[in-house]
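> Pasting the sequence and the predicted model now:
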Amino acid sequence: MYRTRLVSKDTYYVGASDRRLALFENIYPLNDGVSYNSYIILDEKTCLLDTVDSSVFDVYIEKVKDVLQNRKLDYLVIHHMEPDHSASILKVIKEYPDVTLIINPKIQVMLNNYFGYDLKNVLLMKDGETLSLGKHSLTFVYAPMVHWPEVMVSYDSYSKTLFSADAFGTFGALSGNLFAHEVDFSHNYLDEARRYYTNIVGKYGTQVQAILKKAGTLDIESICPLHGPIWRQDITYLIDLYDKWSLYEPEVSGVLIIYGSIYGHTEKAANLLADELSLLGIKNIKMYDASKTDTSILLSETFKYSHLAILSSTYNMGIFTPVENYILDLKAHNMQNRKVALVENGSWAPNSGCLMKKLFSEMKNMTILEPLVTIKSNANNENLEGIKKLANEIANDFPKLSLKENPLFKITYGLYVLTTKNKEKFNGCIINTLSQVSENPTRIMVSVNKHNFTSELINETKEFNVSMLSIHTPFSLIKRFGYQSGKDVDKFVGFSDYRLANNKIPYITRFTNAFLSLKVLDVIDNDSHFTFICEITESKQLSKEESLSYSYYMDNIKPKTPRNTGVKKGWICKICGYVYEGEDIPADFICPICKHGVSDFERIK
């Protein structure tokens, strides 16, 4: 008996994890196994979405029976025919002989190829066709080469759930927490999610872009992949990662150094290069020994970093075998859009450099940085100059932050979403007082009304994020964060346009042009407000849109409040339109709607 796990409306998780598996597809090493995900929808008709690897069938079928509770299984949807998802199809049919298989023509061919005969009770779905289960309707979208030609995904319009097949999956078993927001995804799963994508799907960036465009037209509240955690929050973060990876754009500006060294002399050159880069101010430097690091990890890291430095000994007049295998794997996975520095070593006839250069020249948009440094046997003063020159060439290629790109130059007298958290939930509010008050070190001042719930959280946690709104901000966003109290409602319920910064606090990703992560250094009590003096722990420009000024908000976004209020005497809140009746308004009055003080009220004329 297993616990029934609800993942969305009438939809249950019946998958299982295999922690014993050492090699995924018998090639990719696993440190923590893998999950095989499957789901059941209970409606007028019952629908099982995909099966699992034969290694976990016993757990899987027991969960299926627990959820169905002796109900008939009407449909089995097959999104993908790879055996880790299709191996149990015949066993399911044996348990439920009247089940109808929901497939497409290419899946039908593969069923025959795998099992040796045509299966009965099949329903072929066309691209874009819908299957009604009652309240729930599944619309099927073909997703060829993500990552097999027969793949399709389905979208449930009732629960707004995307069943994404192998897309959005990750290596790693599930440990009770089914949902990505329940785990420290960026630390515990992101590397494995990237390694899964780059090695399994990475070659097919164009095809992934096509399915992302289709997904962009859907109102998605949950993503249920066939491997790894389920997504119900921060979905834009996941989709943005896939967008970046499938466009072969780096996640970070940094240098990935990969070396192949026989007796340690090429490794010495790699260390010298890393030191020079660090002294030149380059951050995010990562180094790997190709001889002891699995190629799947090297490929994943290559997708992450903007610049590569490859150092190889010459071996049998060629590239040292582990480095050559790595470069060939890059080529096989359609790697592109990187800057590459090369260093070769050889005691009598160094030759690996020109061969590496040739392989990279055969890839798309791979820029070779000069010089190609040659070492004979061991690094010395002579070739150290070449390493320094190469390091300078790499460093010069890192763009310096211009005034237009500096998030601090997005600050204006405007409106911002300030977000923070406690142990229970995220919260946010609208503020209009933020400024840079010093440089070297940079300090930011933020004022928050004492009566705001957010103010309490900042005093408790001493950290928060500020998202700078753009002129395209809709009033609905201002209303969500400014016209209700976090004490009464969870402002992030039903809201997915955010990501988590390094401090694990959300920042807003839509209708914003920059964000700052701030840590409180000092608190000043200014009567109605707390003023927080902060240092910046993270910052990023998100777009080039113009910042939302307070005047632009008042003139163009805020709904106009009718001046004829029916009140002879009173004061009206300029922020939300609340009316205080009376000749005089108390000096300590706080608007019950938006929590602003009397300075934001004006007399009704």
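Noted; the coordinates are in hand. Numbers count the residues shown, from 1 in each chain.

> Next, work out how far apart P105 and N113 are.
Here the distance between P105 and N113 works out to 13 Å (Cβ to Cβ, to the nearest Å). For every residue, glycine as well, the C-beta is placed using N, CA and C.

> Could you list the buried residues of the longest strand along the chain?
Counting residues, the longest strand found in the chain (DSSP state E) is strand 512-526. By neighbour count, and taking 16 or more other Cβ atoms under 10 Å as the criterion, the buried residues in strand 512-526 are 512-520.

> For these, work out which two are farthest apart.
Largest separation among these by Cβ to Cβ: N513 and V520, giving 23.8 Å.

> Tell me what D525 is bridged to.
Beta-bridge partners recorded for D525 (DSSP bridges): F530.

> er, Y305 I mean
V252.

> pretty sure it is touching G254, no?
Yes: under the criterion of Cβ atoms under 8 Å, Y305 lies in contact with G254, with a separation of 4.8 Å.

> Do I have it right that K203 meets L330?
No: shown here, K203 and L330 do not form a contact pair, counting by Cβ under 8 Å, at 10.6 Å.

> Looking at these two now, which is surrounded by more residues?
Neighbours of K203 and L330, each counted by other Cβ atoms under 10 Å, are more numerous for L330; the result is 25 against 16.

> Torsion angles phi and psi at the more buried one?
Its backbone dihedrals place L330 at phi -60, psi -50, with angles given as degrees, to the nearest 10.

> sec struct for the residue nearest to T170 when sequence neighbours are not counted, please.
Distances taken as Cβ to Cβ, 6 or more residues apart in numbering put G228 closest to T170, at 3.4 Å, once the chain neighbours are dropped. Secondary structure of G228, reduced to three states by DSSP: H, G, I helix; E, B strand; the rest coil: coil.

> Please tell me how far G228 sits from Y259.
Distance from G228 to Y259, by Cβ to Cβ: 32 Å.

> More neighbours: which of those two?
Relative neighbour count places Y259 above the other of G228 and Y259, with 27 against 23, counting by other Cβ under 10 Å.

> how close does the more buried one sit to P371?
The spacing between Y259 and P371, counted by Cβ to Cβ, is 17 Å.

> any idea which helix or strand carries K94?
helix 89-95 (DSSP states H and E).

> quick one, helices of the stretch 201-350 of the chain?
Assigned helices in the stretch 201-350 of the chain, in chain order: 205-215, 235-246, 265-279, 295-304, 321-332 (criterion: DSSP state H, counting those that start in this stretch).

> Of all those helices, which one comes closest to F464?
Among those, helix 235-246 comes nearest to F464, with 18.7 Å by Cβ to Cβ.

> picking that back up, what helices and strands are in contact with the helix holding K94?
The elements that helix 89-95 packs onto, with contact taken as 3 or more Cβ pairs under 8 Å, 6 or more residues apart in numbering; DSSP states H and E, are helix 57-68, strand 75-77, helix 105-115.

> Which elements pack onto the last one?
By that I understand helix 105-115. Contacts defined by 3+ Cβ pairs under 8 Å, 6+ apart place helix 105-115 against helix 83-86, helix 89-95, strand 122-124.

> do the same with the first one
If you count contacts as 3+ Cβ pairs under 8 Å, 6+ apart, helix 57-68 packs onto strand 16-18, strand 39-42, helix 89-95.

> partners of the second one, with directions?
Strands that pair with strand 39-42, judged by DSSP bridges, come out as strand 11-13 (antiparallel), strand 46-49 (antiparallel).

> hey, which of those is tucked in deepest?
Ranked by average neighbour count under the criterion mean count of other Cβ atoms under 10 Å, those are headed by strand 46-49 at a mean of 24.

> Output that strand as CSV - backbone C-alpha positions only.
Taking Å, rounded to 0.1, in the frame of the first residue of the first chain, the C-alpha atoms of strand 46-49 are listed here in CSV:
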residue,chain,number,x,y,z
THR,A,46,-10.0,7.1,-16.3
CYS,A,47,-6.8,7.7,-18.0
LEU,A,48,-3.3,6.5,-17.2
LEU,A,49,-0.5,8.6,-18.7
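
> List of residues touching it?
Residues lying outside strand 46-49 but in contact with it, judged by Cβ atoms under 8 Å, 6 or more residues apart in numbering, are 14, 38-41, 64, 68, 71-77, 79, 92, 99, 102, 131, 133, 136, 138, 154, 163, 224.

> And the average pLDDT for it is what?
For strand 46-49, mean pLDDT rounds to 98.

> Between Y305 and G254, which contacts overlap?
284, 286.

> Mind checking which of the two has more residues around it?
Y305 (21 against 18).

> Might you report the residue contacts of that one?
If you count contacts by Cβ under 8 Å, 6+ apart, Y305 has them with 250-252, 254-256, 284, 286, 338.

> mind giving me JSON lines with these and columns for distance to K491 and pLDDT?
Listed next are those as JSON lines, based on distance: Cβ to Cβ, whole Å; pLDDT from 0 to 100:
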{"residue": "P250", "distance to K491": "33", "pLDDT": "92"}
{"residue": "E251", "distance to K491": "29", "pLDDT": "89"}
{"residue": "V252", "distance to K491": "30", "pLDDT": "87"}
{"residue": "G254", "distance to K491": "35", "pLDDT": "94"}
{"residue": "V255", "distance to K491": "40", "pLDDT": "97"}
{"residue": "L256", "distance to K491": "39", "pLDDT": "98"}
{"residue": "N284", "distance to K491": "33", "pLDDT": "90"}
{"residue": "K286", "distance to K491": "37", "pLDDT": "97"}
{"residue": "R338", "distance to K491": "40", "pLDDT": "96"}
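
> Among the residues you listed, which one has the most neighbours?
Counting neighbours by other Cβ under 10 Å, V255 leads the contacts of Y305 with 26 neighbours.

> Quick check: pLDDT value at D156.
Among the per-residue scores, D156 holds a pLDDT of 97.

> The residue nearest to K331 when sequence neighbours are not counted - how many residues pack around it?
Of all residues beyond its chain neighbours, the one nearest K331 is M363 (5.7 Å), with distances taken as Cβ to Cβ, 6+ apart. Neighbourhood size, M363 [other Cβ under 10 Å]: 18.

> Please look at M363 and Q336 and confirm they touch.
Yes: assessed by Cβ under 8 Å, M363 is found in contact with Q336 at 5.9 Å.

> Can you dump the C-alpha atoms of stretch 56-74 in PDB for me?
Listed in PDB are the C-alpha atoms of stretch 56-74, where the atom choice follows Å, rounded to 0.1, in the frame of the first residue of the first chain:
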ATOM      1  CA  VAL A  56       9.900  -0.500 -10.900                       C
ATOM      2  CA  PHE A  57       6.700  -2.100 -12.300                       C
ATOM      3  CA  ASP A  58       5.600  -3.800  -9.100                       C
ATOM      4  CA  VAL A  59       5.600  -0.500  -7.200                       C
ATOM      5  CA  TYR A  60       3.900   1.200 -10.100                       C
ATOM      6  CA  ILE A  61       1.100  -1.200 -10.700                       C
ATOM      7  CA  GLU A  62       0.300  -1.300  -7.000                       C
ATOM      8  CA  LYS A  63       0.000   2.500  -7.000                       C
ATOM      9  CA  VAL A  64      -2.200   2.400 -10.100                       C
ATOM     10  CA  LYS A  65      -4.600  -0.100  -8.400                       C
ATOM     11  CA  ASP A  66      -4.600   2.000  -5.200                       C
ATOM     12  CA  VAL A  67      -5.700   5.100  -7.100                       C
ATOM     13  CA  LEU A  68      -8.300   3.300  -9.400                       C
ATOM     14  CA  GLN A  69      -9.900   1.600  -6.400                       C
ATOM     15  CA  ASN A  70     -11.400  -1.200  -8.700                       C
ATOM     16  CA  ARG A  71     -12.500   1.200 -11.300                       C
ATOM     17  CA  LYS A  72     -12.100   0.300 -15.000                       C
ATOM     18  CA  LEU A  73      -9.000   1.700 -16.800                       C
ATOM     19  CA  ASP A  74     -10.400   3.300 -19.900                       C
END
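
> Which positions in it come out as buried?
Counting neighbours by 16+ other Cβ under 10 Å, stretch 56-74 gives 56-57, 59-61, 63-65, 67-68, 73-74 as buried.

> Now that stretch: average pLDDT?
Across stretch 56-74, the average pLDDT comes to 97.
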